[in-house]
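Novice: Fold the following, please.
(one chain, ligands or ions: 1)
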Amino acid sequence: MATEPSTGRGLTVRRARPGDLEQLVLLWRQFHTSHYRYDRDYYRLKPMRQALAATRKHYAVRIADRNAVFLVAVEGRRVVAFLLGTLGFRPPVMPRTRTFSLNAAFVLPRLRGRGVFSMLFARLRRRLLRRRRVKRVELLVDVHNPAVTAYEHLGFRKLHYKMIQVLGTARRQVRRGQVEG
Ligand SMILES: CC(C)(COP(=O)(O)OP(=O)(O)OC[C@H]1O[C@@H](n2cnc3c(N)ncnc32)[C@H](O)[C@@H]1OP(=O)(O)O)[C@@H](O)C(=O)NCCC(=O)NCCS
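Specialist: Next up is the predicted model:
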């Protein structure tokens with residue numbers, strides 16, 4: 001597949017390849033552990049070696065998966081950002097609308113705020129519109145993640161809340177007056 005030079009950032013956006021796997025696993029580790037600040041318990045991993053092995057296997061499958069889009073931005077031979085999503089369908093009681101789930105997006109911290117994710121997302125949009133007749137792109141993001149603003153800048157809007165109650169703590173919090181809303 002042809003690669004696509006960036007506009008002035010010295011980066012190339014292309015599909016992920018099996019040869020990218022080791023770099024992707026290391027980026028995934030940074031991606032995942034950066035979420036600890038939002039909810040350490042929710043994002044808790046198996047022992048790291050197991051988690052890395054599982055990710056390697058999962059990403060190898062996704063790279064070959066025709067229903068997935070796995071894009072990387074590379075600087076020379078270095079993978080500096082990636083985007084991964086999969087095609088899905090809505091529940092069968094609804095009209096069949098093709099929905100694409102954006103599962104992960106990560107840019108190395110030193111390159112953030114310089115349009116790298118915008119490049120990846122533009123490429124994704126083109127692919128989805130051209131080849132897959134997708135009507136919607138959806139994603140889950142932590143409410144305090146600055147990525148929310150990035151997604152909004154790219155045209156996403158908030159539609160649902162995902163709500164979580166940690167069993168055993170809610171009643172105590174209510175008694176102490178810590179629960180709002
Ligand atoms: C979210 C992330 C992928 C964005 O990548 P990025 O390359 O920095 O994004 P871009 O530079 O392309 O910015 C896209 C738009 O969002 C805005 N934006 C990006 N980061 C922002 C921030 N922290 N705060 C406010 N706006 C932001 C940009 O100004 C730009 O808007 P514009 O086109 O109107 O100027 C990157 O910050 C990241 O890797 N975060 C850590 C991993 C993560 O949490 N991923 C999301 C998990 S759901």
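Novice: In which helix or strand does the residue nearest the centre of the chain reside?
Specialist: Note on the chain: the residue nearest the mean C-alpha position is residue 104, at 1.3 Å, using CA atoms, centre = their mean. Assigned by DSSP states H and E, residue 104 falls within strand 98-107.
Novice: The helix or strand that comes right after that strand and the ligand, any residue contact?
Specialist: Helices and strands here follow DSSP H and E; after strand 98-107, the next one along the chain is helix 116-127. Yes - Helix 116-127 is in contact with the ligand by CB under 6 Å from any ligand atom, via 116, 117, 118. Quick note: C-beta positions are derived from backbone N, CA and C, even for glycine.
Novice: Of those residues, just the buried ones, ChimeraX syntax please.
Specialist: Buried members of the residues of helix 116-127 next to the ligand, defined by 16 or more other CB atoms under 10 Å, are picked up in ChimeraX with:
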select :116,117
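Novice: Nearest residue to the residue nearest to the centre of the chain in space, please, no chain neighbours.
Specialist: residue 84 (4.7 Å; CB to CB, 6 or more residues apart in numbering).
Novice: Residue 164 versus the one you found, what's the distance?
Specialist: According to CB to CB, to the nearest Å, residue 84 and residue 164 sit 23 Å apart.
Novice: Kindly report the same for residue 127.
Specialist: 33 Å.
Novice: Which one's more surrounded, the two?
Specialist: Neighbours per residue (other CB atoms under 10 Å) separate residue 127 from residue 164, with residue 127 holding more: 15 against 8.
Novice: any idea which element residue 23 lies in?
Specialist: Per DSSP H and E: helix 21-33 holds residue 23.
Novice: how about that helix: buried residues?
Specialist: Those would be 21, 23, 24, 25, 27, 28, 31, for helix 21-33 by 16+ other CB under 10 Å.
Novice: same question, stretch 55-64
Specialist: 55, 59, 62, 63.
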